[in-house]
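S.K.: build the 3D model from these lines:
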Amino acid sequence: MSLAAVGATREESEVTAVLIDSIHRLAAEQIRALTVDHDKRIPRPLVEALAELGLFGMSLPESHGGAGLSLHAVGSVLGALARHDRSVATLVGLHAGLGTRGLVAFGSADLKDRYLPDLATGARVAAFSATEAEAGSDLGNLRTTAVATQDGLRIDGGKVYVTNAHLADVFTLLVSSPGLGGARRGQSLVLLERGDAGLTVGKEEDKLGLRGSSTASLFLDGVAVPASRVIGEPGRGKDLVEHVLAFGRIAMAAGCVGAAEAALELTRLQVTTRRQFGRPLIAFDVVAEQLGGMMALHYGMESLVRRAADAVDERDVTALMARSLAAKVFASEGDWEIVDTALQLHGGGGFIEEGGVPLLLRDARVTRIFEGANDVLLTRLGTLEVSRSDAPRPALGHAAADTVHHWLRDEVDALKQSAGVRVFGMQRDLHRLGRLCVLREVLDAAALRAREAATPEEPRLAHLAQLALRRAAACRAPCMPFTSVERMRSQVLEETAR
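M.R.: Coordinates of the predicted model:
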């Protein structure tokens, strides 16, 4: 079924369900995750089948041939794809998220008219890149530049770890653009085409996971493009990219939910059919507790990703920033924890590639790194929490959710009182506060979900609350003395300098 003709948004739930069913049928016929991993590529007929389903246009506006689905719906679709193959989900998710979001949200009418129709049908594939060799999480250190010329812009530099690089025809890049838009040290979002003279795509990277997903460097040597290729206001790329990254993080987190669900399904089958000491594994309390933890984490991941997506659809900028960061961190770490537990409960069989669990593990690992390294995002979350005024938060009527919120605000107040503005330089404490922010956000999302579904006694929520309170209590402990760490750091620096 093609989504290009979908009309009213009231049909979205029905359309999403039909699309997900189509994905499952396509997976049964064409998606072979182990083969994709082994061959390190997604077969062209499969890419064409994905386009036939309308997946490349699901997040794009109906006015330009897309389906106009909400991020909530897009996340559900990406989760369904990730249950079958994370590389395939990454191809589509990057296109629907980071690859096209800047153009959709900030592009001029001319740019949209020129590029979106082909992007919606999958005739063209999109990619996005901000990362450089010397600018990973530190996007203020970009070296790739766009300089104004008589005819437009000249772009020089390079990008690394570009997802979809060898499949993409259209690239959105974040570049340094001194002087553009009157910003002396500004950045801009610029759209490039594969055929632009001076743009070269490097060799495919040999990766630990997501091996079927294309990842390569871009080399930019005097790429000349018209000034009309700037997306949004020149010089304001740093602000615009925050929205693009938030959108992309939520889409990526939705993939984590789907992949974790695949691991959970394999584990349910394993613990109910595998027998040891005359009993199925699930009959042992330790195993049942581990399975319960997996189910609770997945419930929290799903709840938080849904709530974060709602912030996009509701245009709530403040909530979007915090929830997108929290969703990315919690979903990526939850995915890893669930898959790691799945492997453990599969015993020796979990270490064998044929069973599928090792692939889920390898594919999960990078999600804690790309679209913002989790440690950096946690520190940023802590900084946001310290910066904000303590706006009244409505009590959710859920004891654990309200408790974690009060613990977090107590920690913030104590740090402000003892350190004042110096708190913004206390990275370890900000990181610790970031962890508390994530736990508050996931409990809020899960509690609201249970309330809306009229299932306040939901056992997954109850177990999630226990896990979150335990982890939150650990986050309240003061940071350990740094003396021994400082000594070890000095030793490493001295040895490296020799």
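S.K.: so, low pLDDT: which residues of the protein?
M.R.: Along the chain, segments meeting pLDDT under 70 span 1-10, 390-392, 394-395.
S.K.: kindly recompute the last result at 50.
M.R.: Under the criterion pLDDT under 50, the flagged ranges of the chain are 1-8.
S.K.: would you mark the buried spots in the helix ranked longest in the chain?
M.R.: In terms of residue count, the longest helix belonging to the chain (DSSP state H) is helix 237-273. Counting neighbours by 16 or more other Cβ atoms under 10 Å, one finds that the buried residues in helix 237-273 are 237-238, 240-241, 243-264, 266-268, 270-271. Bear in mind the C-beta positions are built from the backbone N, C-alpha and C, glycine included.
S.K.: got it, and stretch 100-114?
M.R.: Buried, per 16+ other Cβ under 10 Å, within stretch 100-114: Thr100, Arg101, Gly102, Leu103, Val104, Phe106, Gly107, Leu111, Lys112, Arg114.
S.K.: how about the nearest residue to Gly349, chain neighbours excluded?
M.R.: Leaving aside its chain neighbours, Gly349 sits nearest to Gly355 (5.5 Å; criterion: Cβ to Cβ, 6 or more residues apart in numbering).
S.K.: list the contacts for the one you found?
M.R.: Gly355 makes contact with Leu266, His346, Gly349 under the criterion Cβ atoms under 8 Å, 6 or more residues apart in numbering.
S.K.: what segments of the stretch 251-400 of the chain are strands?
M.R.: Taking DSSP state E, counting those that start in this stretch to define them, one finds strands in the stretch 251-400 of the chain at 275-276, 279-280.
S.K.: can you say which of these is packed in most?
M.R.: Per residue and on average, the most neighbours among the strands of the stretch 251-400 of the chain fall to strand 279-280, with a mean of 12 (mean count of other Cβ atoms under 10 Å).
S.K.: pull up the pairing partners for it, direction included.
M.R.: strand 275-276 (antiparallel) (DSSP bridges).
S.K.: quick one, domains of the protein?
M.R.: What the record gives for the chain is the domain set 9-124, 128-234, 240-476, from automatic domain parsing.
S.K.: nearest to Arg498, out of the ones you listed?
M.R.: Arg498 sits nearest to domain 128-234 of all the domains of the chain, at 24.6 Å, using Cβ to Cβ.
S.K.: so how far is the closest one from its chain's centroid?
M.R.: On the basis of Cα atoms, centre = their mean, to the nearest Å, domain 128-234 sits 20 Å off its chain's mean C-alpha point.
S.K.: endpoints of it, how far apart?
M.R.: 18 Å (Cα to Cα, to the nearest Å).
S.K.: how about stretch 353-367?
M.R.: 20 Å.
S.K.: what sits against the closest residue to Leu167 other than its chain neighbours?
M.R.: Once flanking residues are discounted, Leu167 sits nearest to Val125: 4.7 Å by Cβ to Cβ, 6+ apart. By Cβ under 8 Å, 6+ apart, the residues touching Val125 are Phe56, Leu91, His95, Gly99, Leu119, Asn164, Leu167, Ala168, Asp169, Val170.
S.K.: TSV for these, including neighbour count and secondary structure?
M.R.: Shown next, in TSV, are the contacts of Val125 (neighbours: other Cβ atoms under 10 Å; DSSP: H, G, I helix; E, B strand; the rest coil):
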residue	neighbour count	secondary structure
Phe56	29	helix
Leu91	28	helix
His95	30	helix
Gly99	28	helix
Leu119	27	helix
Asn164	26	coil
Leu167	21	coil
Ala168	27	coil
Asp169	17	coil
Val170	23	strand
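S.K.: so which of these comes closest to Arg275?
M.R.: Ranked by distance to Arg275 (Cβ to Cβ), the contacts of Val125 are led by Leu91 at 39.8 Å.
S.K.: pretty sure that closest one contacts Arg41?
M.R.: No: shown here, Leu91 and Arg41 do not form a contact pair, counting by Cβ atoms under 8 Å, at 10.5 Å.
S.K.: shared neighbours, those two?
M.R.: Listed as contacting both Leu91 and Arg41 by Cβ under 8 Å, 6+ apart are Ser214.
S.K.: ok, back up a step: tell me which two of the buried residues of stretch 100-114 sit farthest apart.
M.R.: Across the buried residues of stretch 100-114 (Cβ to Cβ), the longest gap, 17.0 Å, separates Arg101 and Arg114.
S.K.: could you say which helix or strand holds Ala28?
M.R.: Following DSSP states H and E, one finds Ala28 within helix 12-30.
S.K.: what's downstream of that helix, the next helix or strand?
M.R.: Past helix 12-30, the next helix or strand by DSSP H and E is helix 33-39.
S.K.: tell me which other helices or strands that following helix touches.
M.R.: helix 86-94, helix 357-365 (3 or more Cβ pairs under 8 Å, 6 or more residues apart in numbering; DSSP states H and E).
S.K.: pick the most buried one from the ones you listed.
M.R.: Ranked by mean neighbours (mean count of other Cβ under 10 Å), the helices and strands packed on helix 33-39 are led by helix 86-94, with a mean of 28.
S.K.: Ser177 is in contact with Arg185, correct?
M.R.: No: distance between Arg185 and Ser177: 9.1 Å, which falls outside the contact criterion (Cβ under 8 Å).
S.K.: who has more neighbours, those two?
M.R.: Shown here are Arg185 and Ser177; by other Cβ atoms under 10 Å, Ser177 has more neighbours (27 against 11).
S.K.: need the phi and psi values for that one.
M.R.: phi -140, psi 70 (degrees, to the nearest 10).
S.K.: before we move on, the earlier item: distance check, the residue nearest to Leu167 against Arg32.
M.R.: 21 Å (Cβ to Cβ, to the nearest Å).
S.K.: show me the strands in the stretch 1-150 of the chain, by range?
M.R.: Here the stretch 1-150 of the chain has its strands, by DSSP E, counting those that start in this stretch, at 126-129, 145-148.
S.K.: deepest in the core, which of those is it.
M.R.: Among the strands of the stretch 1-150 of the chain, highest average neighbours (mean count of other Cβ under 10 Å) belong to strand 126-129, with a mean of 28.
S.K.: and it, what does it pack onto?
M.R.: helix 86-94, helix 100-106, strand 153-163, strand 170-176.
S.K.: of all the domains of the chain, which one is nearest Thr483?
M.R.: Of the domains of the chain, nearest to Thr483 by Cβ to Cβ is domain 240-476, at 13.3 Å.
S.K.: start to end distance for the closest one?
M.R.: 34 Å.
S.K.: between the contacts of Val125, which is nearest Asp37?
M.R.: Distances from Asp37 to these, taken by Cβ to Cβ, are shortest for Leu91, at 13.6 Å.
S.K.: and the gap between the closest one and Gly195?
M.R.: 21 Å.
S.K.: okay if I get the strands of the stretch 251-400 of the chain as a markdown table plus distance to Lys159?
M.R.: Listed next are these as a markdown table, based on distance: least, Cβ to Cβ, whole Å:
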| stretch | distance to Lys159 |
| --- | --- |
| strand 275-276 | 51 |
| strand 279-280 | 51 |
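S.K.: of these, which is nearest Pro61?
M.R.: Among the strands of the stretch 251-400 of the chain, if distance is taken as Cβ to Cβ, the winner is strand 279-280, at 50.6 Å.
S.K.: can you tell me what sits against that closest one?
M.R.: The contact list for strand 279-280 (Cβ under 8 Å, 6+ apart) reads Val271, Thr272, Thr273, Arg274.
S.K.: ok, of those, which one's closest to Asp444?
M.R.: Closest to Asp444 out of these is Val271 (30.6 Å), distances taken as Cβ to Cβ.
S.K.: tell me how far the closest one lies from Glu261.
M.R.: Relative to Glu261, and taking Cβ to Cβ, Val271 is found at 16 Å.
S.K.: now Gly122
M.R.: 26 Å.
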